[in-house]
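Novice: I'll drop the sequence and a predicted model, then ask my questions.
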Amino acid sequence: TTSRASSSPLNKLPESSSVVRDIYKHKPQQTNTMVLTERQRRDLHAGIHEYLLSQSDEAFHRAAEALAAADPAACKGNSTATKASSTGSKATTLLEKKWTAVSRLQKKVMEMEKLVAQSAKIHAHRPGAGGGKMLPRPPAVHTMNGHRGNIACVEVHPVFTVVVSGGEDGTVKVWDHESGQFMRTLRGHTNAVHSVSFTPDGSYLASSSSDLSIKLWDFSTYACVRTLRGHDHTVSSVKFIDNQNIVSASRDATVKFWEFDTGFCVHTNNDHIEWVRCLACKQDGSLVASSGNDTWINVCQTTGERKSICQLRGHQHVVESLSFVVHSQSSPPGQRNPVESVNDHLVSGSRDRSVRLWSISAANCLSTFNFHENWVRSVILHPSGMFILSSSDDRSIRVIDIKANRCRQTIENAHDHFVSSIAMHHTLPILVSGSVDQTIKCWPLE
């Protein structure tokens, strides 16, 4: 016991160093739990010693002497700091430099973590990103006002964070869905706008109207570059098949195919007998589905003679909306795709309050979902192929789990009036909805 006490560093400390002496008294004696290595410990002591010597107060110098007595090997090289303190010049010590550097690095790490979280959320829908089950949740991120009439259609730009909407006021409006700010109004139609559609690369926009015309807009200049005429009644829906071909549906009971470059109608499909209200184009552009007041769905090819390949029957009222998968997700190489048949599926929403899932190859109805309490106005087949998103005149937006055959999620009172249209981006986590209450809302996906 005597030899152990005589070798203690406490006996070597100056009598005035009561603070350091107390620290050593309460210091745990288990050296095997030390976090720092021996070199890190020496560097830390040297930095503290240098800092203490750089201060002008005599109390700091006494603490420095106590530290030098406790660890002379680490503190013996601080003659420069001693000289600086004695001459009264103020120099930045190594400890101060490291301390400020740590603060800067912590701030930078926090900023990077925030960017990573935002990036992971934005790209969650991309293949292999694990975002296949991202679903909308309330509350809405933005509510955008500007139309002077009911909103009939909304669409999301395939590249930029931009939303377009068409209304009964005859205008097409452009919005930034990240900030919720209005950007521009596209004027040219003389009656209600019923449908809008982007080219796959987002360079052009098509809009259809009750003025019997289809207008093509250059989205870089917002100028109308061409007006297509040929329908004899309201043009209810328009879709880009690809960057060079367009399909439209009308109350004149026809479906017309157009060339973008010439503006010529190259084919007219007369398979329907009543008002054709809605269209859907398959992702690869090979098929177009159409339906309306005659309650059945016609699926035809988009090339050659544009022959009908099947007719899907089952709805008991007007079909308001059709959707192929928004953007199918592929599995990594060597793995089985759990949604390998999703490109064969078509979803429909009707005034009979039902949502139906169809198989094109089998030409039959796979499932019928009756969760809405009023007309179903718009449907989307989720990119994962596992869910259907639908909006209705019951003012709700619903998420339907296809496999479980249940309503997984409901946004009640999504708008103050009928929810006329919804659109979803295939990679960005955003869903937009338009309503008879003349507002557009942006909903986050999580």
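Specialist: Noted; the coordinates are in hand.

Novice: how about low-confidence regions in the stretch 1-150 of the chain?
Specialist: By pLDDT under 70, the weakly predicted segments of the stretch 1-150 of the chain are 1-34, 78-92, 118-132.

Novice: tell me which stretches of it form helices.
Specialist: Using DSSP state H, counting those that start in this stretch, the helices assigned to the stretch 1-150 of the chain run over residues 2-6, 18-26, 38-54, 58-70, 72-75, 79-87, 94-122.

Novice: what comes up buried for the fifth one?
Specialist: This means helix 72-75. By 16 or more other Cβ atoms under 10 Å, the buried positions in helix 72-75 come out as Ala74, Cys75. For every residue, glycine as well, the C-beta is placed using N, CA and C.

Novice: which elements pack onto it?
Specialist: Packing contacts for helix 72-75, counted by 3 or more Cβ pairs under 8 Å, 6 or more residues apart in numbering; DSSP states H and E, involve helix 38-54, helix 58-70.

Novice: ok so Ala249 is a strand residue?
Specialist: Yes - under DSSP: H, G, I helix; E, B strand; the rest coil, Ala249 falls within a strand.

Novice: quick one: contacts for the nearest residue to Phe60 once chain neighbours are set aside?
Specialist: Nearest residue to Phe60, sequence neighbours excluded (Cβ to Cβ, 6 or more residues apart in numbering): Leu52, at 4.7 Å. Counting by Cβ atoms under 8 Å, 6 or more residues apart in numbering, Leu52 touches Phe60, His61, Ala63, Ala64, Leu67.

Novice: sorry, back to before: dump the helices and strands packed on helix 72-75 to a markdown table, plus distance to Trp375.
Specialist: Listed next are those as a markdown table, based on distance: least, Cβ to Cβ, whole Å:
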| stretch | distance to Trp375 |
| --- | --- |
| helix 38-54 | 71 |
| helix 58-70 | 80 |
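
Novice: of all these, which lies closest to Gly202?
Specialist: Distance to Gly202, taken as Cβ to Cβ, is lowest for helix 38-54 among the helices and strands packed on helix 72-75, at 54.8 Å.

Novice: now that closest one against helix 58-70, angle please.
Specialist: Counting by axes from the mean of the first three to the mean of the last three Cα atoms, to 10 degrees, helix 38-54 lies at 150 degrees to helix 58-70.

Novice: please compute how far helix 38-54 lies from its chain's middle.
Specialist: From the chain centre to the centre of helix 38-54 is a distance of 49 Å (Cα atoms, centre = their mean, to the nearest Å).

Novice: that helix versus helix 94-122: what angle between them?
Specialist: Inter-element angle recorded for helix 38-54 and helix 94-122: 120 degrees (by the same axes, to 10 degrees).

Novice: distance-wise, check Ser433 relative to Val325.
Specialist: Going from Ser433 to Val325 by Cβ to Cβ, to the nearest Å gives 19 Å.

Novice: the more surrounded of the two?
Specialist: Taking neighbours as other Cβ atoms under 10 Å, Ser433 and Val325 compare with Ser433 leading, 26 against 23.

Novice: rewinding a little: how close does the residue nearest to Phe60 get to Arg42?
Specialist: 16 Å.

Novice: re earlier: of the contacts of Leu52 - the most surrounded one?
Specialist: Scoring the contacts of Leu52 on neighbours with other Cβ under 10 Å, the highest-scoring entry is Ala64 at 24 neighbours.

Novice: that one contacts Leu53, doesn't it?
Specialist: Yes - counting by Cβ atoms under 8 Å, Leu53 is a contact partner of Ala64 at 5.0 Å.

Novice: can I get the helix or strand harbouring Leu357 as CSV, trimmed to CA atoms?
Specialist: Secondary structure assigned from DSSP states H and E places Leu357 in strand 355-359. Provided in CSV are the C-alpha atoms of strand 355-359 (Å, rounded to 0.1, in the frame of the first residue of the first chain):
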residue,chain,number,x,y,z
VAL,A,355,-63.5,-0.5,-59.4
ARG,A,356,-62.6,-3.5,-61.5
LEU,A,357,-59.3,-5.2,-62.3
TRP,A,358,-59.1,-6.9,-65.7
SER,A,359,-56.7,-9.3,-67.4
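
Novice: what residues of it count as buried?
Specialist: Within strand 355-359, the residues that qualify as buried are Val355, Arg356, Leu357, Trp358, counting by 16+ other Cβ under 10 Å.

Novice: what do you get for stretch 170-180?
Specialist: For stretch 170-180, a neighbour-count test (16+ other Cβ under 10 Å) marks Gly170, Thr171, Val172, Lys173, Val174, Trp175, Asp176, His177, Gly180 as buried.

Novice: surely Val159 is in contact with Pro200?
Specialist: No - the pair Val159 and Pro200 fails to qualify as a contact (Cβ under 8 Å) at a distance of 9.6 Å.

Novice: number of residues surrounding Asp57?
Specialist: Asp57 has 9 neighbours, counted by other Cβ under 10 Å.

Novice: ignore what I typed, I meant Thr190.
Specialist: For Thr190, the neighbour count with other Cβ under 10 Å is 11.

Novice: what sits against it?
Specialist: By Cβ under 8 Å, 6+ apart, Thr190 lies in contact with Gly170, Ser209, Asp211.

Novice: cutoff 10 Å now
Specialist: Gly170, Ser209, Ser210, Asp211, Leu212, Ser213 (Cβ atoms under 10 Å, 6 or more residues apart in numbering).

Novice: what's the closest of those to Val255?
Specialist: Ranked by distance to Val255 (Cβ to Cβ), these are led by Leu212 at 15.2 Å.

Novice: what's the closest non-adjacent residue to that closest one?
Specialist: Nearest residue to Leu212 in three dimensions, chain neighbours excluded: His231, at 5.4 Å (Cβ to Cβ, 6+ apart).

Novice: same check on His272?
Specialist: Distance criterion Cβ to Cβ, 6+ apart; nearest residue to His272, sequence neighbours excluded, is Ala253 at 4.9 Å.
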